[in-house]
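S.K.: Pasting a predicted model and its sequence here:
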Amino acid sequence: MPLSRRQLLAGTAAFAAFASPLRAAGPLAVVATTGMIADTARRLGGDALEVRALMGPGVDPHSYRQTRSDIVAMTRAGLVLASGLYLEAQMEEFLEDLSRRVPVAQVAEVLPREVLMPYGDHADRFDPHVWMDPGLWAGVAEGMAATLSAARPEAAETVAGNSEALTADLDRLSAYAGQVLGSVPDESRVLVTAHDAFGYLGRAFGMEVVGIQGISTESEAGLNRISELVDLLVERRIRAVFVESSVSDRNMRALIEGAAAKGHEVAVGGELFSDAMGVPGTYEGTYPGMIDHNVTVIARALGGTAPERGMDGRLGGAS
């Protein structure tokens, strides 16, 4: 469920404090680091914003470094929206420097620490993949709405209406995810992926999540880790694993080959969108389409019941 306004108050107040009103004839130029943030900003701001996403399909935000054109776009923007929570690890220093000249909102930082999952053994870091739970993302979106309204007050009424509609859409998306993932048999409720990006999805919908690599794709999967996971696949008779659009499938192929060597056949259940959405102009190139695709593919591959084309029959179609 979306976070309450009281829970979001501290984070949104911090954002609103720096987002001094910018009144202009044209739309506010907004640069977002990831596609998920950009899509949400567009839904909230409508024509009041001109939104550019730095990272497109298949791009890994953990290792992404700003290009020369990115730097120009961000320094000329009226507002920059980053995820935070150490997602854009290679951009942190640049974003900190940029914030002295341009308003930079780290949108996931609005979430209360008690709803965040830990980042391995790091006491002061948290799993940044919060968009995997539509309920948490609704909280991020509400924080973004406050930031956008503060930056462009004349659009506040429009943003508020769009925020209400978006929250309803995310509630419906969350209900669909719960329904289809809830249909997966208990013994098959294990999601094996390339890196540990699906923890929030697993927590929200009762799936055990196992990533070959850690939360960041910068971590390496050693031979011992591969061997351990091969044994897991064989012992628990897991029949499908999943590749990711923004991560190499090399380690996943090693898992499948290792299981086959022990007489257990494992299939690729499908390609999931983890750190980036699908191609612009497609339904999967939107945040709802990204999540709809993931939960539908996971449910069908693991023996659950889900419509082939997703929640509204839109998978594989235009946005």
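M.R.: Looks like it came in fine.
S.K.: Now for the spatially most central residue of the chain: which residues touch it?
M.R.: For the chain, residue 131 is the residue whose C-alpha lies nearest the centre (CA atoms, centre = their mean; 3.5 Å). Counting by CB atoms under 8 Å, 6 or more residues apart in numbering, residue 131 touches 36, 137, 140, 200, 287, 291. Every C-beta, even on glycine, is put in place using the N, C-alpha and C of the backbone.
S.K.: can you redo those as JSON lines with neighbour count and secondary structure?
M.R.: Formatted as JSON lines, the contacts of residue 131 follow (neighbours: other CB atoms under 10 Å; DSSP: H, G, I helix; E, B strand; the rest coil):
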{"residue": "36", "neighbour count": "28", "secondary structure": "helix"}
{"residue": "137", "neighbour count": "27", "secondary structure": "helix"}
{"residue": "140", "neighbour count": "26", "secondary structure": "helix"}
{"residue": "200", "neighbour count": "23", "secondary structure": "helix"}
{"residue": "287", "neighbour count": "26", "secondary structure": "helix"}
{"residue": "291", "neighbour count": "27", "secondary structure": "helix"}
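S.K.: Closest one of those to residue 248?
M.R.: For the contacts of residue 131, the minimum distance to residue 248 (CB to CB) is 21.1 Å, reached by residue 36.
S.K.: Phi, psi for the nearest residue to residue 208 once chain neighbours are set aside please.
M.R.: Nearest non-adjacent residue to residue 208, counting by CB to CB, 6 or more residues apart in numbering: residue 190, 4.8 Å away. In terms of degrees, to the nearest 10, the main-chain angles of residue 190 are phi -130, psi 120.
S.K.: what sits against residue 190?
M.R.: Residues near residue 190 by CB under 8 Å, 6+ apart: 207-208, 210, 236, 238, 302.
S.K.: how about 10 Å then?
M.R.: Neighbour list for residue 190: 184, 202, 207-210, 232-233, 236-241, 302 [criterion: CB atoms under 10 Å, 6 or more residues apart in numbering].
S.K.: Report the two members of those separated by the largest distance.
M.R.: Pairwise distances across these (CB to CB) peak at 19.3 Å, for the pair 202 and 237.
S.K.: The two: which has the busier surroundings?
M.R.: Neighbours were counted for residue 202 and for residue 237 using other CB atoms under 10 Å; residue 202 has more, 20 against 11.
S.K.: got the buried residues for stretch 263-282?
M.R.: Using 16 or more other CB atoms under 10 Å as the test for burial, stretch 263-282 gives 264, 266, 269-270, 272-278, 282.
S.K.: Domain map for the protein?
M.R.: Domain assignment for the chain by automatic domain parsing gives 5-178, 180-301.
S.K.: just the helices in the stretch 51-200 of the chain please.
M.R.: Here the stretch 51-200 of the chain has its helices, by DSSP state H, counting those that start in this stretch, at 68-76, 92-98, 134-151, 156-182, 199-205.
S.K.: highest average neighbour count across these?
M.R.: Scoring those by mean neighbour count under mean count of other CB atoms under 10 Å gives helix 134-151 as the most buried, with a mean of 25.
S.K.: Excluding chain neighbours, what is closest to residue 117?
M.R.: Leaving aside its chain neighbours, residue 117 sits nearest to residue 127 (4.2 Å; criterion: CB to CB, 6+ apart).
S.K.: In this structure the one you found contacts residue 197, no?
M.R.: Yes - using CB atoms under 10 Å, residue 127 is in contact with residue 197, at 8.5 Å.
S.K.: More neighbours: which of the two?
M.R.: Taking neighbours as other CB under 10 Å, residue 127 and residue 197 compare with residue 197 leading, 28 against 23.
S.K.: which residues does that one contact?
M.R.: Residue 197 sits next to 62, 127-129, 131-132, 209, 211, 213-217, 244, 246-247, 272-275 when contact means CB under 10 Å, 6+ apart.
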